[in-house]
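In: okay, structure incoming, though there's no sequence with it:
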């Protein structure tokens, strides 16, 4: 799989970077009750920032990480610590077993009732995670009419291994020119999804999206994206992988395999779990597995940056000064800090 250009991690467009002179327009692009979305690449520091913000606002956190929904997968998914979960209530963590299917539609069905309950309690929900699709369906609805097929997806993954992702992106440009022009050549998940829909239904995904138009927008969303310079983010990713291994990540994977969670499960194909499972099957050394986890995590961070750059409503902030950011949000955004839903 090819990487995005290195400069991607350092680029932060000026129109979206930093707080405006006044925060009166922050989150006012839509009507409805407010929610705060906190996104960012893996390892950037979303959890610590969200906990601090939730404490300052007297609010609660709703998970939007596609892996933290699984029980028994704690270390490799970097779930909030017991201390963080004790001082701020967290929702939608540990809600399904690793062998249970769970997708964006399931997330939407679970998340909106939680958010409604928080609104009824007079609290502004803080939705935190790096799974861009979950955040998108939460704030824009889901294109439910676009059908998928697991068999088609598996065949496409095999084609990616033999032909490469650029060939699949070129095919997407042929079968769905509007979407092919919008999706970055390295955005693996969106390329596979678009081709899956086309090969299964015979109609391009852009057709289904035009039917839906993503106009189900019930919230006034305050969209925050945390970022760091490339070197700092890479160092944090490497340190986090080392910390996970020291905390017993390998034993966690060993226990999951003993529970019958095989490598074919969607949950076990995620970062870290698939590499350590391969090591336990004797397919690679532990050193090779850890190095691959570091590398693939960096690549995942790049794909996250690509995804969130496509949404101009996110404001980008340097994660090195999250304390100052929390203070400004509390001071200058009355829609949030006074706990009155307007």
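Out: Cool, got the structure. Keep in mind that this is a model prediction, so the values were computed, not measured.
In: all the strands of the stretch 1-150 of the chain, in order from the start?
Out: Counting by DSSP state E, counting those that start in this stretch, one finds strands in the stretch 1-150 of the chain at the ranges 33-39, 61-63, 90-91, 126-128.
In: neighbouring strands for the last one, and are they parallel or not?
Out: Looking back up the chat, that one is strand 126-128. Sheet partners assigned to strand 126-128 using DSSP bridges are listed as strand 33-39 (parallel), strand 61-63 (parallel).
In: mind listing what the closest residue to residue 47 other than its chain neighbours touches?
Out: Spatial nearest neighbour of residue 47, excluding adjacent residues (CB to CB, 6 or more residues apart in numbering): residue 80 at 5.3 Å. All C-beta spots, glycine's among them, are computed from the backbone N, C-alpha and C. By CB atoms under 8 Å, 6 or more residues apart in numbering, residue 80 lies in contact with 47, 51, 61, 90, 93.
In: okay, now the unreliable bits of the stretch 1-150 of the chain?
Out: Where the stretch 1-150 of the chain drops to pLDDT under 70, the residues are 1-31, 143-148.
In: any chance you could map the helices in the stretch 201-342 of the chain?
Out: 205-212, 230-247, 249-258, 273-280, 286-309, 322-332, 334-337 (DSSP state H, counting those that start in this stretch).
In: now the strands of the stretch 1-150 of the chain in CSV, with mean neighbour count and distance to residue 137?
Out: Formatted as CSV, the strands of the stretch 1-150 of the chain follow (neighbours: other CB atoms under 10 Å; distance: least, CB to CB, whole Å):
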stretch, mean neighbour count, distance to residue 137
strand 33-39, 23, 12
strand 61-63, 27, 13
strand 90-91, 20, 16
strand 126-128, 26, 12
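In: what packs against the helix or strand where residue 195 lies?
Out: Taking DSSP states H and E as the definition, residue 195 sits inside helix 188-201. On a contact count with 3 or more CB pairs under 8 Å, 6 or more residues apart in numbering; DSSP states H and E, helix 188-201 meets helix 150-163, helix 165-175, helix 205-212, helix 286-309.
In: need the strands paired with strand 126-128 in a markdown table (columns: distance to residue 254).
Out: A markdown table is the format used below for those (distance: least, CB to CB, whole Å):
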| stretch | distance to residue 254 |
| --- | --- |
| strand 33-39 | 32 |
| strand 61-63 | 25 |
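In: mind checking which of those strands is nearest residue 229?
Out: strand 33-39 (17.7 Å; CB to CB).
In: among the helices of the stretch 201-342 of the chain, which is the most enclosed?
Out: For the helices of the stretch 201-342 of the chain, the largest average neighbour count (mean count of other CB atoms under 10 Å) is found in helix 273-280, namely a mean of 21.
In: quick one: contacts of it?
Out: Counting by CB under 8 Å, 6+ apart, 73, 76, 249-250, 253-254, 256-257, 263, 267-268, 284-286, 288-290, 292-293, 296 sit against helix 273-280.
In: OK, contacts around the closest residue to residue 53 other than its chain neighbours?
Out: Nearest residue to residue 53, sequence neighbours excluded (CB to CB, 6+ apart): residue 326, at 5.1 Å. For residue 326, the contacting residues are 49, 52, 53, 56, by CB under 8 Å, 6+ apart.
In: burial check on the second one, number of neighbours?
Out: Okay, so that is residue 52. Neighbour count for residue 52, taken as other CB atoms under 10 Å: 16.
In: same question for the third one.
Out: By other CB under 10 Å, the residues close to residue 53 number 25.
In: any idea how far residue 41 is from the spatially most distant residue from the centre of the chain?
Out: Ranking residues of the chain by C-alpha distance from their mean position (CA atoms, centre = their mean) puts residue 282 at the top, at 30.8 Å. Going from residue 282 to residue 41 by CB to CB, to the nearest Å gives 32 Å.
In: residue 168 now?
Out: To residue 41, residue 168 is 23 Å away according to CB to CB.
In: just residue 177 next, same as before
Out: For residue 177, the distance to residue 41 equals 29 Å [CB to CB].
In: pick out whichever of those two has more residues nearby.
Out: Neighbours per residue (other CB under 10 Å) separate residue 177 from residue 41, with residue 41 holding more: 27 against 12.
In: please report the distance of the closest residue to residue 250 other than its chain neighbours from residue 260.
Out: With CB to CB, 6+ apart as the criterion, residue 250 has its nearest non-adjacent residue at 5.6 Å, and that residue is residue 276. Computed with CB to CB, the distance linking residue 276 and residue 260 is 17 Å.
In: return the member of the contacts of residue 326 nearest to residue 239.
Out: residue 49 (17.4 Å).
In: list the contacts of that closest one.
Out: Counting by CB under 8 Å, 6+ apart, residue 49 makes contact with 38, 226, 319, 322, 325, 326.
In: right, and the fifth one touches residue 331 too?
Out: No. Applying CB atoms under 8 Å, one finds residue 325 not in contact with residue 331, separated by 10.8 Å.
In: give me the number of residues near residue 132?
Out: A total of 22 residues lie near residue 132 under the criterion other CB under 10 Å.
In: circling back to that earlier point, now tabulate the contacts of residue 49 in CSV and tack on distance to residue 32.
Out: Listed next are the contacts of residue 49 as CSV, based on distance: CB to CB, whole Å:
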residue, distance to residue 32
38, 18
226, 24
319, 28
322, 26
325, 24
326, 23
